[in-house]
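**Student:** model this:
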Amino acid sequence: MPHRVAPEPLARAGGESAEQYFAGVQREIAERTRVIEQKTGRAPDGPRYPYGETNGLAIELLRPAGLRAALTVVREANPSSRPPSASGRSMIYGDYDLAKFERNLVVSDRKALR
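**Tutor:** Here you go, the predicted structure:
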């Protein structure tokens, strides 16, 4: 099944109706879930959004698709008030050592890192 051709991830493609967009996002979620399950033997609990970007429609379509959480690439803390469908994460790059990783974490209590 081909992916939608849109200018940005999860954006509406030119000439795409609201119904086509809704169905296209549903297909993308279902297809990614199917591929992950096929390759790993396990259904994922949640996706990583393309380029870490999401929107309200994608978030609303996760639960009916059986997905409980999803990751953005926004470097932010994940307080209990943040919905699991928009969890932030800290990227770990190849040149990171443990000290650099710790400096880049966002935590509510610095003592917790010691």
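
**Student:** now do the same for Ser90: its pLDDT.
**Tutor:** Note for Ser90: predicted pLDDT of 69.

**Student:** typo on my end, it should be Glu76
**Tutor:** Looking at Glu76, its pLDDT is 74.

**Student:** where's it relative to Arg82, distance?
**Tutor:** Computed as C-beta to C-beta, to the nearest Å, the Glu76 to Arg82 distance reads 8 Å. C-beta coordinates here come from the backbone N, C-alpha and C atoms, glycine included.

**Student:** got it, and Leu105?
**Tutor:** Separation of Leu105 from Arg82 (C-beta to C-beta) stands at 16 Å.

**Student:** shared neighbours, Glu76 and Arg82?
**Tutor:** Here Glu76 and Arg82 have Gly88 as joint contacts, going by C-beta atoms under 8 Å, 6 or more residues apart in numbering.

**Student:** so where's the protein uncertain?
**Tutor:** Residue ranges of the chain with pLDDT under 70: 1-11, 50-52, 90-91, 106-114.

**Student:** check which residues of the lengthiest helix in it are buried.
**Tutor:** Longest helix in the chain by number of residues (criterion: DSSP state H): helix 18-40. For helix 18-40, a neighbour-count test (16 or more other C-beta atoms under 10 Å) marks Tyr21, Gly24, Val25, Glu28, Ile29, Arg32, Thr33 as buried.

**Student:** what about the second one, distance to Ser17?
**Tutor:** Relative to Ser17, Gly24 is positioned 10 Å away (criterion: C-beta to C-beta).

**Student:** cool, and the fourth one?
**Tutor:** When distance is defined by C-beta to C-beta, Glu28 is 16 Å away from Ser17.

**Student:** try the fifth one
**Tutor:** Note on Ile29: its distance to Ser17, by C-beta to C-beta, is 19 Å.

**Student:** repeat for the last one
**Tutor:** As judged by C-beta to C-beta, Thr33 and Ser17 stand 24 Å apart.
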